[in-house]
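1. turn this into a model:
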Amino acid sequence: MKNLSDTITNNIKKHLIQPWPYASSIGDEYRDIVTNGDGIYIEDKNGNKLIDGPAGMWCSNIGHRNEEIAKVMYNQAMNLSYNSPWYTTNEPSAQLSKMISDYAPGDLNNVFFTTGGSTAVESALRFVQYYNNVLGLPEKKLILCREDGYHGSTYLTASLNGKSRTSDWMNYENTNIVKLSSPNSFRKLNGKSIEEFEDDLIKELSSVIKDKGAKNIAAFIGEPIQASGGVIVPPKNYLKRVRDICKKNNIIFIADEVVTGFGRMGHIFASEKVFNIIPDIITFAKGVTSGYFPLGGIAISNKLIKNLRSSNHADAMFGHGLTYSSHPIGCAVAIKNIELMENGILENALELGPVFQEKLKTLLDLPIVGDVRGQGLMACIECVADYNEENPLALDLKVGEIIDKHCQKLGLLLRPAINMCILSPPLIINKNDIDKIVSILRQGIIQSMEELKSKDLWHN
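-> This next block holds a predicted model:
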C-alpha cells in the first residue's frame, strides 16, 4: 500500500498540474490525496475520515457514494453514452430541460446545457452579445459585475471575477467589463446603517448607468450570494432594487446560481424563493448533478427568445455550442439528483439552514473571529488580526490555511481563503453533524490562535 501511495505521489509531482498553482511549484506540487467518500465524509490516503465541509467545491450536495446515482450513470452509459448535439438529441436532455423550466422562476423556460459553471456563464454572456447584435443594438456591450464576485475560469468569465488574488499575473478582457462595489458590509459601514450602505450601492449603480449610458450596457451579472468571495450575503433589498433598475434601463439581469442553486438555499433556485427576483437568465451547474458528472446550463426567459424570433434577422445563427452540450449521462444523473432532492433533501436543507447559521454564530466569542456570515447551508468565518486595519497582512496570508490544517487533524475539511474559512456541507447533514462541525471548528480556531501567538503573528 505504501509503494502504491508513493507511486501516486510521484506521478502527481512529475506529471499533474494542479489548479491555481504558484510559479515556484507549478508541475511539482503535491496536494493531499483523497481515496474515497461516503455520505458527508471523505477519506484520505492514510484512512482518516474527514467531514467534507465544502461539499467538494460547493457541489457534493447529496453526498458521496449514492448508489442510485451510480446505477443511473451505469444504465445510461449502457443505453446511450454520447450523441452529438449538433444534429441529434437525447431523451434525458429533453426531460431535464422540462424539469429545469418547471423550477425556474417566471418565464425562464428555455434551457441550454453546458459542461459546468464557467461554460454556463460564458454561454450566457455570448447569448447576450448575440441577442443585442440581432436586435440591432451592437453598441450594448458593457457587462456590469462586482468586486468579490466569482464567475468562472474561461477568459471572458474570469474577466468578471472580483477577487484581487487572481488578477496580478493573468490577462483579462477589460474593455467591456465594469466592476461595481462588493455588497459586503463587514468593516465598511463606518457608522452607517445597513440600509444606508445599501442605498450607497444603489446610488453607485445608478451613477455608473448614467455615466456609461444605458444604451451601452448589455447586462448585469451577480451571484445572489457571492460564494468564493467569502459567502457575502447582500443587504435585504439590494438585489430587488438592482433588478428593478436593470429592467427600467433595458439591461439584462443574469443571476449566477452556480452555487446557490440546487438545494444550497433549500430550493432548486433561490432567485425568487429567497431573494424575490425574477432574472432574465439564470446560470447553474455544480449541485445540478451533485458533482457526479460535469454539467451546467442556462435558463433563458421566453421574452428574450420571443424577441429573437420576431427580429428582422431570421438567418442570424447563435454560433455557440459544446461537444458535451446536453450530455445524456450528465442529464440522466441530474434528473435522478433532482428526484432525490425532492424526496426530503430540499426540506432538510431548508430546516437545517437556520440551525447551521445559529450554531456557527457561537464562534463569535473567539477573539480572532471577526465575522460569521451566511445563509442556508453556506457560511464563512472571517478572522481578523486588528479591527482597525483594513489589511492585516500576516493573518490574511496565513490564518485560513492554519485553521484548515488544525481542523483536518480533528476530522473536518474546510475551504481556506486567505483569512476566511468557508463551509458548504452536503445537504444531507443532520443536527449532530452540525454540532460536530462547530465543535471541531472551535477547537481548530483555538489551536490556530495558539500557533499564531507562538509565531508572533497575532496579538490579542
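2. quick one: the strands in the stretch 251-400 of the chain?
-> Secondary structure of the stretch 251-400 of the chain, counting by DSSP state E, counting those that start in this stretch: strands at 252-256, 281-284, 296-300, 369-375, 378-383.
3. ok, the stretch 1-150 of the chain next?
-> Remark: strands assigned in the stretch 1-150 of the chain by DSSP E, counting those that start in this stretch are 34-38, 41-44, 49-52, 110-114, 142-146.
4. re the thing from before, pick the most deeply packed of the strands of the stretch 251-400 of the chain.
-> strand 281-284 (a mean of 30; mean count of other C-beta atoms under 10 Å). From N, CA and C alone the C-beta is placed, and that goes for glycine too.
5. flag every buried residue along the helix or strand bottoming out on mean pLDDT in the chain.
-> Least confident element among the helices and strands of the chain, by mean pLDDT, DSSP states H and E: helix 2-15 (a mean of 80). Across helix 2-15, burial judged by 16 or more other C-beta atoms under 10 Å covers residue 12.
6. next: stretch 109-127.
-> Within stretch 109-127, the residues that count as buried by 16+ other C-beta under 10 Å are 109-125, 127.
7. in helices, which of the residues you listed fall?
-> In helices, defined here by DSSP state H, the members of the buried residues of stretch 109-127 are 117-125, 127.
8. possible to save those as TSV with distance to residue 99 and pLDDT?
-> Formatted as TSV, those follow (distance: C-beta to C-beta, whole Å; pLDDT from 0 to 100):
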residue	distance to residue 99	pLDDT
117	19	98
118	23	98
119	20	98
120	17	98
121	21	98
122	23	98
123	19	98
124	20	98
125	25	98
127	21	98
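9. for the stretch 1-150 of the chain, give me the ranges with low pLDDT.
-> The model of the stretch 1-150 of the chain has pLDDT under 70 over residues 1-4.
10. returning to what we had before: for residue 139, state which of the ones in helices among the buried residues of stretch 109-127 is nearest.
-> residue 125 (16.3 Å; C-beta to C-beta).
11. how about that closest one, nearest residue that isn't a chain neighbour?
-> Spatial nearest neighbour of residue 125, excluding adjacent residues (C-beta to C-beta, 6 or more residues apart in numbering): residue 156 at 5.8 Å.
12. residue 376: which of the ones in helices among the buried residues of stretch 109-127 is nearest?
-> Looking across those and measuring by C-beta to C-beta, the closest to residue 376 is residue 117, at 18.0 Å.
13. now do the contacts for the closest residue to residue 268 other than its chain neighbours.
-> The spatially closest residue to residue 268, leaving aside those adjacent along the chain, is residue 103, at 4.0 Å (C-beta to C-beta, 6+ apart). Counting by C-beta atoms under 8 Å, 6 or more residues apart in numbering, residue 103 touches 268-269, 338.
14. repeat that for residue 378.
-> 58, 225, 227, 231, 259-260, 264, 422-424.
15. what's the closest of these to residue 440?
-> Closest to residue 440, out of all of those and judged by C-beta to C-beta, is residue 423, at 11.0 Å.
16. who does that closest one form a beta bridge with?
-> residue 379 (DSSP bridges).
17. which pLDDT value belongs to it?
-> With respect to pLDDT, residue 423 scores 98.
18. surely it meets residue 415?
-> Yes. Residue 423 lies in contact with residue 415 (C-beta atoms under 8 Å); the separation is 7.3 Å.
19. give me the more crowded residue out of these two.
-> Between residue 423 and residue 415, counting by other C-beta atoms under 10 Å, residue 423 is the more crowded of the two (24 against 20).
20. residues in contact with the more buried one?
-> Residue 423 touches 53-54, 360, 374, 378-381, 414-415, 437, counting by C-beta under 8 Å, 6+ apart.
21. what's the answer for residue 190, then?
-> With C-beta under 8 Å, 6+ apart, residue 190 has no contacts at all.
22. from residue 227, how far out is residue 354?
-> Per C-beta to C-beta, to the nearest Å, residue 354 is found 19 Å from residue 227.
23. repeat that for residue 42.
-> For residue 42, the distance to residue 227 equals 20 Å [C-beta to C-beta].
24. who has more neighbours, the two?
-> residue 227 (25 against 20).
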